[in-house]
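Q: Any chance you can model this:
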Amino acid sequence: MLKYLIQVTQNLLAPVIILALFAALAAKGRHNRLLYRGLAAGAAAALLLAAFKTFTVLVNREYVNIVLLTLGIVTELFLLALLWGSAKGRSAGAHGWALDAIGAVFAAALAFYYLPDIFLYPTEFLLAGESAFSTDFLFKTTGYLCGLLLTALIGAVLFRTAACLPAGFSLGVFGLCLTVGLISQASLLVQFLLARRIIPMKDWLFALLMPAINYRDFFLYIMMAVTLILPLLLYKRSLRVREPYANPAELRKLKSGLRLRRRFSALTVAGYIGVLFCLTAVKAYAEREVVLSPIEPMKISDGVVVLPLETINDWRLHRYAYEAGGGVQVRFIVIRKNNAAYGVGLDACDICGPTGYYERDDQVICKLCDVVMNKSTIGFKGGCNPVPLAYALRGGAMLIDTKELEKEKTRFR
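A: Sure, this is the predicted structure:
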């Protein structure tokens, strides 16, 4: 649950903030005719890309990202220039059509870049063989929807907050946010270009790029800090009536409008506090180091591990370790799956390596990627399942040949 709440909020909030500010500015200047069409087109393209990614191998996401980031950066530079000219009164009428078109492309590129991952998250909710009515599926869906709701709420109240302030204030804040976004996107673009060896690696470029990669969350925090100016300013401007009024009825109407503006301000600040709490305390809790259960004692007789069934029939996860040649400790796990079968495998998988598995709320979970294992599939190949380990049941005990463990020691070096 917490994983998807954090991921949705972390990945979606920055574009939502930028789009909310731009929509407020576009509404003031009546340049929003194509904005929402561009946003809808970008969302539709993102959904199509997510479908291709899920059902085919035809899409190379890195190349798509390179194209989208390049288009987005160029569009954002044009957009800044046009909005600045419009604010100065030099291009509002003559180039209004250009602002409409650039705004639509900007919104489409932003949606097309950020939304595919958001659409793909639900494909991770249900593991093979699991029911859509399971508690785990419900928790993941709840976290995902809460992330969407939180970002949508912030976007809505930030839009109304910016719309209530003079265009000059909103334009300045939007320009700063877009600049921060440009720096973040440019660093991502260079990272993709380096990964594909389209541009050569240079020491100075690597030194310049590393802070942007290691502290990517700070781009979002800077954006939040900059936009926090708007609700604070609106709250201050809404403390008393400034407009003239002719009678008490008009005064009450003005006071009601000021109360509404203060609520927008308070909701924006409250949303930001919720995001900060989610991305700091909640994230730290969700990503806390999991301590694996201790290694249990076992008996080895004539090259065979002997585990009495009475010690593993409690439906709990049991972890053992065999010291292979070269002093390598080969860990494996055993859990009873049903009345007739056991799940036996290495404490490692082909995807995540020897990070291990642990139990949480009667579920077996991969320590590295937090994927919940379907107990009925433990002992079979595939996905993040433990690497299967052959065993036999005889004389009231489980028998595992140490030769099988010796073969797998390279996984634990």
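Q: who touches residue 62 in this structure?
A: Residues near residue 62 by C-beta atoms under 8 Å, 6 or more residues apart in numbering: 192, 195-196. Heads up, the C-betas are built off the backbone N, CA and C, glycines and all.
Q: Compare those and tell me which has the most neighbours.
A: residue 192 (19 neighbours; other C-beta atoms under 10 Å).
Q: Looks like that residue contacts residue 69 (just checking).
A: Yes: contact criterion C-beta atoms under 8 Å: residue 192 and residue 69 qualify, at 7.2 Å.
Q: Counting neighbours, what do you get for residue 393?
A: 13.
Q: CSV please, covering the contacts of residue 62 and showing pLDDT.
A: Below are the contacts of residue 62 laid out as CSV (pLDDT from 0 to 100):
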residue, pLDDT
192, 81
195, 73
196, 75
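Q: Looking at these, which are in helices?
A: The members of these that map onto helices under DSSP state H are 192, 195.
Q: Which one of the contacts of residue 62 is nearest to residue 327?
A: If you rank the contacts of residue 62 by distance to residue 327 using C-beta to C-beta, residue 195 comes first, at 37.2 Å.
Q: Pull the contacting residues for that closest one.
A: residue 62.
Q: before we move on, what about residue 365?
A: By C-beta under 8 Å, 6+ apart, the residues touching residue 365 are 357-359, 371-373.
Q: in the sheet, who's paired with it?
A: In this entry, residue 365 is beta-bridged to residue 358, residue 372, by DSSP bridges.
Q: where's residue 117, which helix or strand?
A: helix 96-120 (DSSP states H and E).
Q: mean confidence score for that helix?
A: For helix 96-120, mean pLDDT rounds to 85.
Q: Now do the helix or strand containing residue 209: which elements does it pack against?
A: Using DSSP H and E, residue 209 sits in helix 203-214. For helix 203-214, the contact count by 3 or more C-beta pairs under 8 Å, 6 or more residues apart in numbering; DSSP states H and E identifies helix 167-195 as packing neighbours.
Q: and the angle for the helix it packs on with helix 96-120?
A: 50 degrees (axes from the mean of the first three to the mean of the last three C-alpha atoms, to 10 degrees).
Q: just to revisit the earlier point, and the helix holding residue 117, what's buried?
A: Within helix 96-120, the residues that count as buried by 16 or more other C-beta atoms under 10 Å are 96, 98-119.
Q: Can you give the distance of that helix from its chain's centre?
A: How far helix 96-120 lies from its chain's middle: 19 Å, per C-alpha atoms, centre = their mean, to the nearest Å.
Q: got a pLDDT number for residue 31?
A: 59.
Q: Quick one: residues contacting the closest residue in space to residue 27 that isn't next to it in sequence.
A: Leaving aside its sequence neighbours, residue 27 sits nearest to residue 163 (C-beta to C-beta, 6 or more residues apart in numbering; 6.2 Å). Contacts for residue 163 (C-beta under 8 Å, 6+ apart) come out as 24, 27-28, 170.
Q: which strands and helices sit next to the longest strand along the chain?
A: For the chain, the strand with the greatest residue count under DSSP state E is strand 329-336. Packed against strand 329-336 by the contact rule (3+ C-beta pairs under 8 Å, 6+ apart) you find strand 318-323, strand 342-346, helix 402-407.
Q: Of those, flag the one that's most buried.
A: strand 342-346 (a mean of 22; mean count of other C-beta atoms under 10 Å).
Q: ok, now which ones touch the residue lying closest to residue 243 once chain neighbours are set aside?
A: Computed as C-beta to C-beta, 6+ apart, the closest residue to residue 243 that is not its neighbour in sequence is residue 254, at 5.9 Å. Contact analysis of residue 254 by C-beta under 8 Å, 6+ apart lists 241, 243, 245.
Q: Can you classify residue 307 by secondary structure?
A: Under DSSP: H, G, I helix; E, B strand; the rest coil, residue 307 falls in the strand class.
Q: Give me the domain ranges for this protein.
A: Domain assignment for the chain, taken from automatic domain parsing, gives 2-286, 299-412.
Q: hey, least reliable of these by pLDDT?
A: Across these, the lowest-scoring stretch is domain 2-286, with a mean of 83.
Q: And the helices in the chain?
A: Ranges of helices in the chain, per DSSP H, are 2-28, 35-55, 61-87, 96-120, 135-163, 167-195, 203-214, 217-227, 229-237, 248-277, 283-286, 402-407.
Q: quick one, the longest one and helix 135-163 angle?
A: It refers to helix 248-277. Using the same axes, to 10 degrees: helix 248-277 against helix 135-163 is 140 degrees.
Q: Would you mark the buried spots in helix 248-277?
A: In helix 248-277, counting by 16+ other C-beta under 10 Å, buried: 254, 258, 261-262, 264-265, 267-269, 271-272, 274-275.
Q: Compute the inter-axis angle for it and helix 2-28.
A: Angle, helix 248-277 to helix 2-28, by the same axes, to 10 degrees: 140 degrees.
Q: Distance from the chain centre to helix 248-277, please.
A: Distance, stretch centre to chain centre, for helix 248-277: 30 Å (C-alpha atoms, centre = their mean).
Q: if we can go back for a sec, does anything pack onto the helix holding residue 117? Which helices or strands?
A: Identification of packing neighbours for helix 96-120 by 3+ C-beta pairs under 8 Å, 6+ apart yields helix 2-28, helix 35-55, helix 61-87.
Q: Please repeat the previous calculation with a cut-off of 10 Å.
A: Under the contact criterion of 3 or more C-beta pairs under 10 Å, 6 or more residues apart in numbering; DSSP states H and E, helix 96-120 touches helix 2-28, helix 35-55, helix 61-87, helix 135-163, helix 167-195.
Q: That's all I had, so thanks and see you.
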